[in-house]
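Asks: sequence and predicted structure below; questions after.
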Amino acid sequence: MKKKPSNPDLLLERRLIDFFRDKSKEKYVLLLEAFRCTDVLVPAAPTANELPFGNEGILKQTVFRPDVIYMASENKRLMPIFSDPTKIPSDYASGKTVFMHCSGWIKAFYAGNSEGVILNPFSDISFLLTPDQIRILSLFRQTTSEYR
């Protein structure tokens, strides 16, 4: 039987640190599995200061649009995600930040206009997911009770 960690909220960060210490295939797979079973914070794109009402005061249907940032070090437009609220800089300007499970932020990625996803982009240790890696994540079997 697999043992559930004492604090599953730290699972993704622990797997990220483990992967940076030892970039083996096993650690890479464990990191991808941690992405599958950990909720992350996804900032929405900043919105214009307009009222959300359409014709005759009817509320418009809103669609979540993820924020996209340009990372000069990667020369790419990337969708940022965060493992913890403390990883978001206080001066980071975005729309509302929401918790999302893997399937949710993958859908947001495909609905957005970016070249990948970056975990904790403003931290010492970050991780870039390419579209190919995101596709692989979307193919993983969903098992919410599986922690290593």
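Replies: Arrived safely. Numbers count the residues shown, from 1 in each chain.
Asks: buried set for the longest helix seen in the chain?
Replies: Counting by DSSP state H, the longest helix found in the chain is helix 25-37. The neighbour-count check on helix 25-37 (16 or more other CB atoms under 10 Å) flags Lys27, Leu30, Leu31, Leu32, Glu33, Ala34, Phe35, Arg36, Cys37 as buried. (Each C-beta comes from the backbone N, C-alpha and C, glycine too.)
Asks: and for stretch 15-28?
Replies: Going by neighbour count (16+ other CB under 10 Å), the buried part of stretch 15-28 is Arg15, Leu16, Asp18, Phe19, Lys27.
Asks: same check, this time on stretch 97-116
Replies: Within stretch 97-116, judged by 16+ other CB under 10 Å, the buried ones are Thr97, Val98, Met100, Cys102, Trp105, Ile106, Ala108, Phe109, Gly112, Ser114, Glu115, Gly116.
Asks: how long is that stretch end to end?
Replies: End-to-end distance for stretch 97-116, by CA to CA, to the nearest Å: 18 Å.
Asks: contacts for that stretch, please.
Replies: Residues outside stretch 97-116 that contact it (CB atoms under 8 Å, 6 or more residues apart in numbering) are 35-44, 63-66, 68, 74, 76-79, 81-82, 85, 88, 117, 128-131, 134, 137-138, 142.
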